[in-house]
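# Below are the sequence and a predicted model; questions follow.
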Amino acid sequence: MCGEPLIEVVNLRFRYEDGTAALDGVDFRLSASETVALLGPNGSGKTTFLLHLNGLLQGEGEVRVCGLKVEKQNLAAIRRKVGLLFQDPDEQLFMPSVLEDVAFGPLSAGVPPEEALRRARQALAQVGMAEACDRAPYHLSAGEKRRVALAGVLVAEPEVLILDEPTTYLDPPGQRDLVALLRRLPQAKIIATHDVNLARALAQRAVFFERGRIVSDGPVEELIERFGWDTSAASGS
Amino acid sequence: MHHVVLEQWSRRASRVHALDPRAKLVVTLLLLIAIATSPALGGAQFAAYAGLLAAVVLAAGLPPGGVALRAGIVLPFAGALAVMNWLAGDVARSVAILLKSYLSVFAALVLVGTTPVARLFAGLERLGAPRSLVLVLQFLYRYLFVISEQAQHMRLAAQSRGALERAPRRTRLRAPASAVAVLFARSYRRAEAVYQAMLARGFAGHVEPVAPLRLAGKDLLAAGAASGAILAIRLGL
Ligand SMILES: Nc1ncnc2c1ncn2[C@@H]1O[C@H](COP(=O)(O)OP(=O)(O)OP(=O)(O)O)[C@@H](O)[C@H]1O
Ligand SMILES: [Mg+2]
């Protein structure tokens, strides 16, 4: 457990090697057991922002997780606290079998193999993929990959879950299952998404990204309204 | 995709599969040295190595035809060298080059086809191979999947746009050439993302095998017997 705020970001700036200014002064706070939706157009910096929260990218400014500054000597501890589900599950699954993939985190953290496998089985059961243990990740359907990737994150029992577009590739029942599953998880969550229904179902608060900045921060419904972000409303009246 | 098939083979169960990877690595290395140093005119020796390998393939329950076919992948490369020797008038040597390279690749396939990669790498590391080398091999292996998947996606995309079938022969060749550049760029980006995903889940420099390695009496016995047979063949006993 850690104190308040869970995540604190002050004036974060980041440029990719090719010169793209992807983040241009972001301030953000997340308190324990809060769920925040990240909304904003394609290329506005959401994914780039998320990659800073466990030090995969490091820009100028300050990022703190559980009071720990994101810098080299804290990375291992921070990555145990922050569970990151990537936008593309193909990038997240890299071991030859589903079970080994899910057990990767605990094994890397030095958990003995038997215990790591037990936890991995438990995490797979949690996402409804218990029967897939021995399958090869690259043969799963997109939705199954997503769930296995989520199991690989949950197995480390992180304090905060960071989800980048978790519903892409999922069919409507798959999306409903995922929402139900995420609701049951007690962790604080940050969810980058274009899916307003997902944002509504899980988050109370939202922030809106535009050209590398957070231009608005408030209740989900209010932001969806203000930015005309509801796809069904756009074609309506 | 060859590596997918190999991976499936490596997950089967047999007495050969169950052996400690270190025993198999040492024996394979010995066999490769024996093959490489055999005299060019040692036809009987080559037949004996082939017999030994065939026995292992059968004991391991691998499809003999499948292994034999896949080992042929080396022939185009070895073939070029063989042709040069043939032209230089050294027929015996050119035949030996073909036989030696074929048998060597066959032996390597048997090793990889009976040992899950995670255990193979763990074995290498325990045998004292430099950690950085093992790490590079691991990444190389994971990225094989990245590249072949990427290539497959691009091929499908091109086909679905009718690119390859209708184009005249000249442009049909040019298209793949520029596709290789794109494939490389995309694979590079993909590989980077995979690496980030590994870091996010606590990757700390090496992948732990799920089942710990244990060198038992049967491993020493099998390695001893196989080494004895190889030495007997090589020394013409
Ligand atoms: N590896 C990279 N190299 C260079 N530029 C990049 C890289 N990744 C992203 N960018 C650029 O950085 C900016 C922010 O991209 P980012 O992926 O963070 O946006 P996003 O809000 O997640 O978009 P989306 O909603 O499409 O996922 C974009 O202009 C993008 O083109
Ligand atoms: Mg994104």
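Now that the structure is in, tell me what you want to look at. Ligands and ions are numbered 1, 2, ... in the order given.

# what about the longest helix in chain B?
helix B:169-200 (DSSP state H).

# List the contacts of B:Q196.
By Cβ atoms under 8 Å, 6 or more residues apart in numbering or on different chains, the contact list for B:Q196 reads A:51, A:56, A:86, A:91. In short, each C-beta sits where N, CA and C put it, glycine included.

# how about 6 Å then?
A:L56 (Cβ atoms under 6 Å, 6 or more residues apart in numbering or on different chains).

# any idea how far it lies from A:P158?
According to Cβ to Cβ, to the nearest Å, B:Q196 stands 16 Å off from A:P158.

# swap in B:P130?
From B:P130 to A:P158 the distance is 33 Å (Cβ to Cβ).

# Looking at these two, which has the bigger crowd around it?
A:P158 (20 against 10; other Cβ atoms under 10 Å in any protein chain shown).

# Show the backbone phi and psi for the nearest residue to the more buried one once chain neighbours are set aside.
Nearest non-adjacent residue to A:P158, counting by Cβ to Cβ, 6 or more residues apart in numbering or on different chains: A:G83, 3.3 Å away. Backbone torsions of A:G83, given as degrees, to the nearest 10, read phi -100, psi 120.

# how about A:G83, what does it touch?
For A:G83, the contacting residues are A:153, A:158, A:161, by Cβ under 6 Å, 6+ apart.

# Could you tell me how many residues sit around residue 140?
In the absence of a named chain, chain A is used. A:L140: 20 neighbours (other Cβ under 10 Å).

# you looked at the wrong chain, it should be chain B
Count around B:L140 with other Cβ under 10 Å applied: 9.

# ok, now A:P41?
Count around A:P41 with other Cβ under 10 Å applied: 14.

# Surely it is in a strand?
No. A:P41: not assigned to a strand; according to DSSP: H, G, I helix; E, B strand; the rest coil it is coil.

# how far away is it from chain B?
According to Cβ to the nearest Cβ, to the nearest Å, A:P41 stands 21 Å off from chain B.

# What residues does chain B have near chain A?
Within chain B, the positions near chain A by Cβ under 6 Å from any Cβ of the partner chain are B:7, B:142, B:193-194, B:196-197, B:200-204, B:208, B:210.

# Buried by neighbour count, from those: which ones?
B:7, B:142, B:193-194, B:196-197, B:200-203, B:208, B:210 (16 or more other Cβ atoms under 10 Å in any protein chain shown).

# can you tell me which of these lies nearest to ligand 1?
Using Cβ to the nearest ligand atom, B:A193 comes nearest to ligand 1 of those, at 8.7 Å.

# So which of the contacts of A:G83 belong to helices?
Of the contacts of A:G83, the ones assigned to helices by DSSP H are A:V153.

# re the thing from before, turn the buried ones among the residues of chain B next to chain A into TSV, including pLDDT and distance to B:A40.
Formatted as TSV, these follow (pLDDT from 0 to 100; distance: Cβ to Cβ, whole Å):
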residue	pLDDT	distance to B:A40
B:E7	82	35
B:R142	70	39
B:A193	85	48
B:V194	84	44
B:Q196	89	50
B:A197	89	49
B:A200	91	53
B:R201	89	51
B:G202	87	52
B:F203	85	47
B:E208	72	44
B:V210	69	44
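
# Same list (those residues) but as TSV, adding distance to B:L31.
What follows is those, written out as TSV (distance: Cβ to Cβ, whole Å):
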residue	distance to B:L31
B:E7	22
B:R142	27
B:A193	39
B:V194	33
B:Q196	39
B:A197	37
B:A200	41
B:R201	37
B:G202	38
B:F203	34
B:E208	29
B:V210	28
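
# Against A:A76, how distant is the nearest residue in space to A:Q126 that is not next to it in sequence?
Excluding the flanking residues, the one nearest A:Q126 by Cβ to Cβ, 6+ apart is A:L154, at 6.1 Å. Per Cβ to Cβ, A:L154 is found 19 Å from A:A76.

# Which one of the two is surrounded by more residues?
Legend: neighbour count by other Cβ under 10 Å for A:L154 and A:A76, higher for A:L154 (23 against 14).

# Before we move on, what's the pLDDT of that one?
Listed pLDDT for A:L154 reads 94.

# That one contacts A:A125, correct?
No. When contacts are counted by Cβ atoms under 6 Å, A:L154 is not listed as touching A:A125 (10.6 Å).

# where along the chain do the helices fall?
Since no chain was named, I'll use chain A. Assigned by DSSP H, the helices in chain A fall at A:46-52, A:75-81, A:89-92, A:98-108, A:113-126, A:142-154, A:172-184, A:196-202, A:220-226, A:231-235.

# hmm, I had chain B in mind actually
Counting by DSSP H, the helices of chain B are B:2-10, B:15-18, B:21-37, B:43-60, B:64-71, B:75-87, B:91-114, B:117-126, B:131-160, B:163-166, B:169-200, B:217-234.

# correct me, but A:L161 touches A:Q187?
Yes. If you go by Cβ under 6 Å, A:L161 and A:Q187 touch, sitting 4.8 Å apart.

# Comparing these two, which shows the higher neighbour count?
Neighbours per residue, other Cβ under 10 Å: of A:L161 and A:Q187, the larger number sits with A:L161, 22 against 19.

# In contact with that one, which residues?
A:L161 makes contact with A:83, A:187, A:189, according to Cβ under 6 Å, 6+ apart.

# circling back: worst average pLDDT in the helices of chain B?
Mean pLDDT is lowest for helix B:163-166 out of the helices of chain B, coming in at a mean of 55.

# A:A22: what's its closest spatial neighbour, skipping adjacent residues?
Per Cβ to Cβ, 6+ apart, closest to A:A22 is A:T48, 4.1 Å.

# what about B:A229, how many residues close to it?
Neighbour tally, B:A229, other Cβ under 10 Å: 18.

# Would you map out the domains in chain B?
Domain assignment for chain B by automatic domain parsing gives B:2-116+B:212-235, B:131-200.

# Nearest to A:P137, out of those?
Smallest distance to A:P137 across the domains of chain B (Cβ to Cβ): 9.4 Å, for domain B:131-200.

# interface residues of chain A facing ligand 1?
A:16, A:18, A:20, A:22, A:40, A:42-48, A:209 (Cβ under 6 Å from any ligand atom).

# what about 5 Å?
Neighbours of ligand 1 within chain A, by Cβ under 5 Å from any ligand atom: A:16, A:18, A:20, A:22, A:42-48.

# List only buried entries from the residues you listed.
Buried members of the residues of chain A next to ligand 1, scored by 16+ other Cβ under 10 Å, are A:22, A:44-48.

# Can you tell me which of those is nearest B:G224?
Nearest member of those to B:G224, counting by Cβ to Cβ, is A:T47, at 55.1 Å.

# For that closest one, report the pLDDT, please.
94.

# With A:A123 instead?
pLDDT recorded at A:A123 is 95.

# you'd agree A:L23 is up against A:F14?
Yes. With contact defined as Cβ under 6 Å, A:L23 counts as touching A:F14 (4.1 Å).

# Show me which of those two is the more surrounded one.
A:L23 (28 against 21).

# ok, the more buried one to chain B distance?
A:L23 is 17 Å from chain B, where distance means Cβ to the nearest Cβ.

# Identify the residues contacting that residue.
With contact set as Cβ under 6 Å, 6+ apart, A:L23 has these partners: A:12-14, A:45, A:48, A:59, A:212.
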